[in-house]
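# give me the fold of what follows.
(2 chains)
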There are 2 protein chains.
Amino acid sequence: MDLVLIAIVLGLLAVVYGIFTSRQVLNSGAGNEKMQEIAGAIQEGAQAYLKRQYTTIAFVGVVVAVLVAVFLGLWPAVGFVIGAVLSGVAGFIGMNISVRSNVRTAAAAQSGLQQGLTLAFRAGAITGMLVAGLALLSIAVFFWYLVGPGGFAPDSDEVVYGLVGLAFGASLISIFARLGGGIFTKAADVGADLVGKVEAGIPEDDPRNPAVIADNVGDNVGDCAGMAADLFETYVVTVGVTMVLTALLFSEVLGDLLLPMMALPLLIGGACIVTSIIGTYFVKLSKGGTNVMGAMYKGFIVSAVLAIPLIYFVISYALGGMGTEIGGAVAGIDPGAPLAEEGTAEQVVSFTGMDLFWCSLIGLAITGLIIWITEYYTGTNYRPVRSIAKASETGHGTNVIQGLAISLESTALPTIVIIAGIIATFQLAGLMGIAYAATAMLALAGMVVALDAYGPVTDNAGGIAEMAGLDDSVREKTDMLDAVGNTTKAVTKGYAIGSAGLGALVLFAAYTTDLAKLFPDADVDFSLENPYVIVGLLLGALLPYLFGAMGMTAVGRAAGDVVVDVREQFANDKGIMAGTSKPNYARTVDLVTKAAIKEMILPSMLPLLAPIVVYFAILFLAGQENAFAAVGALLLGVIIGGIFVALSMTAGGGAWDNAKKYIEDGNHGGKGSEAHKAAVTGDTVGDPYKDTAGPAVNPMIKITNIVALLLLAALAAG
Amino acid sequence: MDLVLIAIVLGLLAVVYGIFTSRQVLNSGAGNEKMQEIAGAIQEGAQAYLKRQYTTIAFVGVVVAVLVAVFLGLWPAVGFVIGAVLSGVAGFIGMNISVRSNVRTAAAAQSGLQQGLTLAFRAGAITGMLVAGLALLSIAVFFWYLVGPGGFAPDSDEVVYGLVGLAFGASLISIFARLGGGIFTKAADVGADLVGKVEAGIPEDDPRNPAVIADNVGDNVGDCAGMAADLFETYVVTVGVTMVLTALLFSEVLGDLLLPMMALPLLIGGACIVTSIIGTYFVKLSKGGTNVMGAMYKGFIVSAVLAIPLIYFVISYALGGMGTEIGGAVAGIDPGAPLAEEGTAEQVVSFTGMDLFWCSLIGLAITGLIIWITEYYTGTNYRPVRSIAKASETGHGTNVIQGLAISLESTALPTIVIIAGIIATFQLAGLMGIAYAATAMLALAGMVVALDAYGPVTDNAGGIAEMAGLDDSVREKTDMLDAVGNTTKAVTKGYAIGSAGLGALVLFAAYTTDLAKLFPDADVDFSLENPYVIVGLLLGALLPYLFGAMGMTAVGRAAGDVVVDVREQFANDKGIMAGTSKPNYARTVDLVTKAAIKEMILPSMLPLLAPIVVYFAILFLAGQENAFAAVGALLLGVIIGGIFVALSMTAGGGAWDNAKKYIEDGNHGGKGSEAHKAAVTGDTVGDPYKDTAGPAVNPMIKITNIVALLLLAALAAG
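Predicted structure coming up:
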């Protein structure tokens, strides 16, 4: 239990860092009155949206919590509530920091690039550390309570399903937050662009555009609050399911080592919080330099490199030495590890602490490689973005064709990295190896979220600088900061979906292991030769397509509403365009809010209901064993389909966005050229790709898997 | 053997129909001199392209044929050559009919809509019947020779791998033809539009545009020759693998029934040739009507409905009654049929002729449903196309967003139909049930290809009418005929990929069955719990993405070459735009030819090499059993990934195209409006989607599977 307490202390450290840094940020200058007025409107809109979003989610959440309590008992329901509430809190705090830092970043950028960077990055780091810290604390404290004061065994159903419930709560909030926020931000963005840039011919962020505040609110509720909830979820699910799998696989063989093995993922998370905090202090421009991305990387590299010895130390400390053998005869299903005896009902798995260390290192390496690949596909210095920019010269059509080609292509390298990671970690330590790679990936979440949450702050800062009529040099600086934001945003999404690929395999393993435990008599055939497995794979792969279609349509529809509203405002009050009267920003914000809330419900139900519907449909048609097989295959199908949909959408969207930026930097004719117009089209297309449909696939994959796990438990209980 | 001879006679009937109808078509008026001159240029260009394409393919083909002969022996190599040559012949004849019928259709349309329809549809029907007839003949004659004069047993390796070799030859040519033709047609189309419509401001099909002949050539080499080779391949692979699976599964239990059971798919194919020929005579407009699509459907419905009793009759005839039990104790692997005894090494499968009849009916129903769903997603009368047209009002970006949303959504219903088909047919007759559904689907290929091959003829007819300066009323009629062509083209692709979904499952079953036979000691774990299975699934799902990316990029690059060439021609000879001198059409045709040939090679190597590379990579890393498992999973991964990529691309592209047509019909502002410009962008984006990358996924899936089958045989022999 000491190990869990250490993890709790390290989680609290992240919270302390958050509070301390918040003070620093809030104490810095908030700019002139005009800037504060604009920031106030954004803040108000964001809070109003989140309030409405959370109220709606609360309804769904209460219903689901009651269902969980009825079918699965008290502790899963308690876990669900903790996960749901803290996921909401993470998003809420992130948004609140973001809406206060935007104006301060604009103010700081008046003094210099470094000052703006420091402020915006600190704001991001607060969100980052709070996401990682709260995620770690939620699992660690809940686990500590259950196995300590609660008196449950670490491998008891209360602990296992309590943790699954916790993950479920986090995932459910996160899919709503990602989708709702994503629809909000892109409906406002696309709508504002269409009616402002295209119809009225006024520039981006022009205060005469009634949708301009909604656009800035969107950055905060989508890219900040939604993203924070998403990464909170990814963290909780990955670390939680690693603990669950440990309990399911090794409950009978580990003896006294079971508790330390279950606490180890928490410790790795805690260790990386420490290195992430240290890393934040290394995010600095080199003297007189302007390489913002380089400054970011310095921080990330410091966090990752320092993590290596620390992870070695915590594994050694928790297991009492790196040579400690983990494993033994495991009853029931094939745990998938290197087997000592084949063909027996009991199989022997065995690996050492050192193996787990190597697997963690592979996890860190995957993170680094995915960041590098994402930068290649979305950075302005490389072939992909430049090829899209060049294709813009021949028009809208060729821009989109090339963008789609890049988005398809961008899936290859990350998939190959993930596959290599699966093979290497599996050969080292079986399924636990994959789980530890995923855990190590997520352990760096604090730093990755910091890099990402920085983006909306600088984006808003630019908007405020524009609307408040600050000197052009300020907007130039915020633009430099913002350009990096596009890449870091894409990086986080690639990272989240990559980790989801590994994490979901662990979830699938938990499903099969749990199935073997709960239904020992069921002879479930997960072989590809079983057509119900193929049916499940096809249905699973369909989900991200359908989900993506719904998300894209929702953005289109809501953006259309924005256009209608703005047109009306322009028509009813000619003073708006003349600049003599103020548009009704709040009305547009309110409209987008309602649209986003309405549109987020149906797609979110898809992953929630799919495993249940498939189970009962196949149960009816072909019996329970085939139903279990089809649901299991559904889980893998969602991963296999989802990884490609999500990777292609997020990288493609980032590439389109930066191709536009590249042209705006004066290439291929620069701003206002025909190539630029084509690039704006590509950027618009990429918007719902990268900020609505694509990233929401990540929690979607996880929810499908978690619901299936809970379904098993409910069936076994009922 | 009588049964096989009957199938041969029915196959010859299709050829006779083709020759007879060709005479009719060629005897009709070929228009005035100007029209003939234009048609001559198109004809010349198409022949030059196909000559160069086939020369290039011949090089690859000879190398592969030698490799097949060396590693697999004589008969697979002979089969390969037959399949390759006849696939080429099918495309070549289709193209030749098409380039002669285009001008005659334009001439006939001068007399009336019905006259134009009759001529264009007859041209399509010739291609359709020749594709189905030649495909049926190639298998039937080869099979007849091997088991008759050749003296081999129906389940001998010579027959089994001979048929696989035949399928391989057809597939290899078809992927080259689909990709090469697809790149040609879309590079010319997109290039001509960009430089003509956008830059020079001249209308489509304007004779001053040097790329206009290349564009028309493209319709013939891509949409006609490429499509014909593709459907030839699909037919040969589906029917061939059904026979192969029969031999592999039932060689020991069927006794005297083995030969009739292997001949039955040929007979079903022959029966449907008869009904398809009858159906062609029902393609007529109702009196004074203009419902071209309705006329087409009449023909299809007659073919399908007449097929029902005929299929019943041939099954009953071949098996000696509908109640005949097929099956018995099958050694080795689980054949997947309803099992009499579970858990034994020997399993009993059993179904009757009546079961096979129901499965065939399900195949026909799947065809009908896919046509209906495709029409819903690509027809101008329904929500999807109209939603894209409406979204065009707010600009290029929203048009593309809505188009992408529709393309994602359009995968859902066909997948669900396929899944329902899999479940129903599997419950009726196991794997053979799925195989018979696929066979029945393909049996109607003659009619489906007829509907499709009609498209490029009318498209060309419109171009010729425009260039020859015929009366506007002629162009109006060809436009009415052409609008239907967009939907029928999308229908064929949905049909081909849907049948590929079923056919590929049968191929996968052939892989596992063959594996169990050739490597009886290998304990291959195809369970989803084996991480090498997951690795294979991920790699397989990656292939269509990478392939799609390559295809899209190739079109973009080649279209760029066209733009440069046309710009040069305009710059060097001012007389072209003035209309005083003729552009150098041949130079552009030649340029696109070279570009298409060059670009088609690399992507075609992907499915050819993937199974081999994956096998040896996993062999090296994790041993032979895991290598077999990973390759098997790769095959399913390609299907699962490929179905969604192909369906979304082909339906999405068709919807974009018809959204443009819908606006051109006077909706949302009509031709020349801002909405129309946005719709043109969407159409351009959809072009490589629906005509290059999407349809080529179908042969890609099959090649991957067939190469894996041949790999097994080569490994077993070596």
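
# next, count neighbours for the closest residue in space to A:L3 that isn't next to it in sequence.
Nearest non-adjacent residue to A:L3, counting by CB to CB, 6 or more residues apart in numbering or on different chains: A:A263, 3.9 Å away. From N, CA and C alone the C-beta is placed, and that goes for glycine too. A:A263 has 27 neighbouring residues, counting by other CB atoms under 10 Å in any protein chain shown.

# how far away from the center of its chain is the helix or strand containing A:D683?
Applying DSSP states H and E as the criterion places A:D683 in helix A:674-688. Chain-centre distance of helix A:674-688: 25 Å, with CA atoms, centre = their mean, to the nearest Å.

# give me the angle between it and helix B:674-688.
Note on geometry: by axes from the mean of the first three to the mean of the last three CA atoms, to 10 degrees, helix A:674-688 and helix B:674-688 are set 70 degrees apart in direction.

# is chain B contacted by helix A:674-688?
Yes. Interface with chain B: helix A:674-688 contributes A:680-681, A:683-685, A:688 (CB under 8 Å from any CB of the partner chain).

# by neighbour count, which of the residues you listed wins?
In terms of neighbours by other CB under 10 Å, the residues of helix A:674-688 next to chain B top out with A:P688 at 32 neighbours.

# relative to B:I401, how far out is that one?
Here the distance between A:P688 and B:I401 works out to 6 Å (CB to CB, to the nearest Å).

# re the thing from before, for the residue nearest to A:L3, list the residues it contacts.
Applying CB atoms under 8 Å, 6 or more residues apart in numbering or on different chains to A:A263 gives the contacts A:3-4, A:7, A:143, A:318.

# now the helix or strand containing it: average pLDDT?
According to DSSP H and E, A:A263 maps onto helix A:258-280. For helix A:258-280, mean pLDDT rounds to 93.

# equivalent analysis for stretch A:234-249, please.
For stretch A:234-249, mean pLDDT is 91.

# before we move on, what about stretch A:295-308?
The average pLDDT within stretch A:295-308 is 92.

# who touches it?
For stretch A:295-308, contacts defined as CB under 8 Å, 6+ apart pick out A:117, A:121, A:271-272, A:275-276, A:278-286, A:289, A:361, A:364, A:367-368, A:371, A:440, A:443-444, A:446-448, A:450-451, A:454, A:484, A:488.

# show me the contacts for the spatially closest residue to A:I315 that is not a sequence neighbour.
The spatial neighbour of A:I315 that comes closest, neighbours along the chain excluded (CB to CB, 6+ apart), is A:G353 at 4.8 Å. Residues in contact with A:G353 (CB under 8 Å, 6+ apart) are A:315-316, A:319, A:321-324, A:326.

# including neighbour count, pLDDT and secondary structure, could those go into JSON lines?
Below are the contacts of A:G353 laid out as JSON lines (neighbours: other CB atoms under 10 Å in any protein chain shown; pLDDT from 0 to 100; DSSP: H, G, I helix; E, B strand; the rest coil):
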{"residue": "A:I315", "neighbour count": "25", "pLDDT": "93", "secondary structure": "helix"}
{"residue": "A:S316", "neighbour count": "16", "pLDDT": "92", "secondary structure": "helix"}
{"residue": "A:L319", "neighbour count": "20", "pLDDT": "88", "secondary structure": "helix"}
{"residue": "A:G321", "neighbour count": "11", "pLDDT": "82", "secondary structure": "coil"}
{"residue": "A:M322", "neighbour count": "14", "pLDDT": "81", "secondary structure": "coil"}
{"residue": "A:G323", "neighbour count": "10", "pLDDT": "79", "secondary structure": "coil"}
{"residue": "A:T324", "neighbour count": "18", "pLDDT": "79", "secondary structure": "coil"}
{"residue": "A:I326", "neighbour count": "21", "pLDDT": "78", "secondary structure": "strand"}
